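K.L.:
The sequence and its predicted three-dimensional model are supplied below.
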Amino acid sequence: MKLIDPILQFQSEIQEIRRDIHAHPELCYEEHRTAEVVANQLTQWGIPVVRGLGKTGVLGIIRNGDSPRAIGLRADMDALPMQELNTFAHTSRHAGKMHACGHDGHTAMLLGAAKYLAQHRDFDGTVYLIFQPAEEGGGGARAMMQDGLFEQYPMEAVFGMHNWPGIASGHFAVTPGPMMASSNEFYVTVRGKGAHAAQPHKGIDPIMTAIQIAQSWQTIVSRNASPLESAVLSVTQIHSGSATNVIPDEATLIGTVRAFSTEMIDLIERRMQTIAQHTAAAFDAEVEFSFKRNYPPLINHAAETAFATEVMRAVVGADKVDAHTEPTMGAEDFAFMLQAKPGCYVFLGNGEGSHRDAGHGLGPCNLHNPSYDFNDELLPVGATYWVRLAENYLKKTA
Ligand SMILES: [Zn+2]
Ligand SMILES: [Zn+2]
């Protein structure tokens, strides 16, 4: 590993910030204290700060030389609405809120890079440090873009990073093309006609209709989608009825659809709607169809991924970089930024949990687990990656 010496020198300062943020988790668009901590640190290091992009977002701007070139480095700041079970000193002070996805670590790694870049300035151009709110379902990346992030602060490319439990500590994993899925929800209500259960012929049974619809939907991935593409359609809730002797008025089907291309999502939504409407019509029922698109698929751009991969290899060694990792069906709102700008999103291994010995909670340390904790060993690794990425992207020519 070729970690940057000064970053190793101030690692404990960054770790202190990380643990302070961990102890004070804040949810979607409520990251007021976190944003304050970030802005104060940046200001203290002489970095100009813009507040209020995407409500609680913070943008740090480090300029050097006279090149008009610019790069964006992004970290997310929000926590999750869940109870932390860890008992160590930096456990959450806020009941029902927890940094169980490691966004405290993402924020700290980018702060570490910011401090070094501001002090050493070995690049020509502008580094934008994007601290976004509300990744966990709130679309904070999109909110910052809607507030003019890319128009007011033009940058050529954006880069993101997520810690990843299960991958060895300090190893990187990435792949060009689709890396994370698009997530979407559907809410479908079938309206029939209530009746006495002993007189079904006097009603229109919404339960039978809903079952037919749910079953027929399972032909979409198997019969309409290309077998070479991945997609998931899961009905996760069926609600109807209140008594053994009543045929209810309506039934509701709820669930999720995941895929790696917008075309696939278009196909699935269209087929779901057609099947729902025509099946309902066949049973004299009516249907109300709602399909909510959450995050688009996260697609890494080939050139920027190749560039980032070389930087990762230089930092941790080629044997610790998986350049063609398996995509995940999880979703991530950095996908919005990659629709607008070229760039690359990478996973940084959080290890198998050995960092959680001494006083840390028991159990596995998967993301969104109540015993999860970000691995502080990664702070200098992630910060070094950010620094080398920016320095190489904005290389001095003279
Ligand atoms: Zn998460
Ligand atoms: Zn996350």
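P.N.:
Everything's here; your move. Ligands and ions are numbered 1, 2, ... in the order given.
K.L.:
packing partners for the longest helix anywhere in the chain?
P.N.:
When the chain is scanned for its longest helix (criterion: DSSP state H), the result is helix 262-282. On a contact count with 3 or more C-beta pairs under 8 Å, 6 or more residues apart in numbering; DSSP states H and E, helix 262-282 meets strand 182-191, helix 206-219, strand 231-240, strand 250-259, strand 286-295. No exception for glycine: its C-beta is placed from N, CA and C like everyone else's.
K.L.:
Is it possible to get a markdown table of those that adds distance to N366, mean neighbour count and mean pLDDT?
P.N.:
A markdown table is the format used below for the helices and strands packed on helix 262-282 (distance: least, C-beta to C-beta, whole Å; neighbours: other C-beta atoms under 10 Å; pLDDT from 0 to 100):
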| stretch | distance to N366 | mean neighbour count | mean pLDDT |
| --- | --- | --- | --- |
| strand 182-191 | 18 | 21 | 98 |
| helix 206-219 | 28 | 19 | 98 |
| strand 231-240 | 19 | 15 | 97 |
| strand 250-259 | 18 | 21 | 97 |
| strand 286-295 | 20 | 16 | 97 |
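K.L.:
What does the pLDDT read for N163?
P.N.:
For N163, the pLDDT comes out at 97.
K.L.:
wait, what's in contact with it?
P.N.:
N163 makes contact with 102, 105-106, 347-350, 374-375, 378, 382, according to C-beta atoms under 8 Å, 6 or more residues apart in numbering.
K.L.:
Could you tell me which of these are located in strands?
P.N.:
347-350 (DSSP state E).
K.L.:
Now for the residues you listed: which two are most distant?
P.N.:
Greatest spatial distance in those: F347 and N350, 8.9 Å, computed using C-beta to C-beta.
K.L.:
How confident is the prediction for the most centrally placed residue in the chain, by pLDDT?
P.N.:
With distances taken as C-alpha atoms, centre = their mean, E332 lies nearest the centre of the chain, 2.6 Å away. Confidence at E332, expressed as pLDDT, is 97.
K.L.:
Contact partners for the nearest residue to T325 once chain neighbours are set aside?
P.N.:
With sequence-adjacent residues excluded and distances taken as C-beta to C-beta, 6 or more residues apart in numbering, T325 is closest to A173, at 3.7 Å. By C-beta under 8 Å, 6+ apart, the contact list for A173 reads 164, 167, 321-322, 325, 346-347, 349.
K.L.:
Farthest pair within those?
P.N.:
Across the contacts of A173 (C-beta to C-beta), the longest gap, 13.0 Å, separates W164 and V321.
K.L.:
Y153 contacts Y128, doesn't it?
P.N.:
Yes - Y153 lies in contact with Y128 (C-beta atoms under 8 Å); the separation is 5.6 Å.
K.L.:
And these two? Which one has more around it.
P.N.:
Y128 (22 against 16; other C-beta atoms under 10 Å).
K.L.:
how near is that one to E135?
P.N.:
18 Å (C-beta to C-beta, to the nearest Å).
K.L.:
got it, and P380?
P.N.:
For P380, the distance to E135 equals 23 Å [C-beta to C-beta].
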